[in-house]
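[1] Quick one, what's the 3D model for this:
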Amino acid sequence: QVQLVESGGGLVEAGGSLRLSCAASGIIFSINTMGWYRQAPGKQRGLVATFTSDGRTNYADSVQGRFTISRDNAKNTVYLQMNSLKPEDTAVYYCNAQGVRRRPLAYPNDYWGQGTQVTVSS
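    So this is what the prediction gives:
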């Protein structure tokens, strides 16, 4: 079984920074895309940022220029550096791994982490 374990959430004042980490564990041959999504109370889960296996990144407009996603393929780990945080960034942040193959020709699956709370006070 593949597990995604997130860390780094917490409480920060507006304008501050946080760094989230997500490590995928288990038998893993390859992961296509790793990324972060977030869900605020009363809202749907939405994209924050993604990082593909060939190095392409994608950001939500609301975080462009403030957040930076990075990835360590050797460690199956993805990071999210969040700067200039705003109260509207408050949400549960979920790590996502898409196209995970446990063997070279295995059917790819997607996985989610358990989520980590980020709270930005005004």
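[2] Could you use CA atoms for every contact and neighbour count after this?
    OK.
[3] Next, count neighbours for residue 36.
    For residue 36, the tally of surrounding residues (other CA atoms under 10 Å) stands at 26.
[4] Relative to residue 106, how far out is it?
    In this view, residue 36 and residue 106 are 24 Å apart by CA to CA, to the nearest Å.
[5] Partner strands of the helix or strand where residue 118 lies, with direction?
    Assessed by DSSP states H and E, residue 118 sits inside strand 116-121. Within its sheet, and counting by DSSP bridges, strand 116-121 is paired with strand 10-13 (parallel), strand 91-101 (antiparallel).
[6] closest one to residue 29 among those?
    strand 91-101 (5.5 Å; CA to CA).
[7] Quickly compare the strands paired with strand 116-121 and say which is most buried.
    strand 91-101 (a mean of 22; mean count of other CA atoms under 10 Å).
[8] mind listing what the residue nearest the centre of the chain touches?
    Among the residues of the chain, the one closest to the centroid is residue 36, at 2.5 Å (CA atoms, centre = their mean). Residues counted as contacts of residue 36 (CA atoms under 8 Å, 6 or more residues apart in numbering) are 47-50, 80, 93-96.
[9] shaky segments in the protein?
    Applying pLDDT under 70 to the chain flags no residue at all.
[10] repeat that for 90
    By pLDDT under 90, the low-scoring segments of the chain are 1.
[11] I'd like to know how far the residue located most distally from the centre of it sits from residue 57.
    In the chain, the residue that sits farthest from the middle, by CA atoms, centre = their mean, is residue 105; the gap is 25.8 Å. When distance is defined by CA to CA, residue 105 is 25 Å away from residue 57.
[12] Thanks again, I'm all set now.
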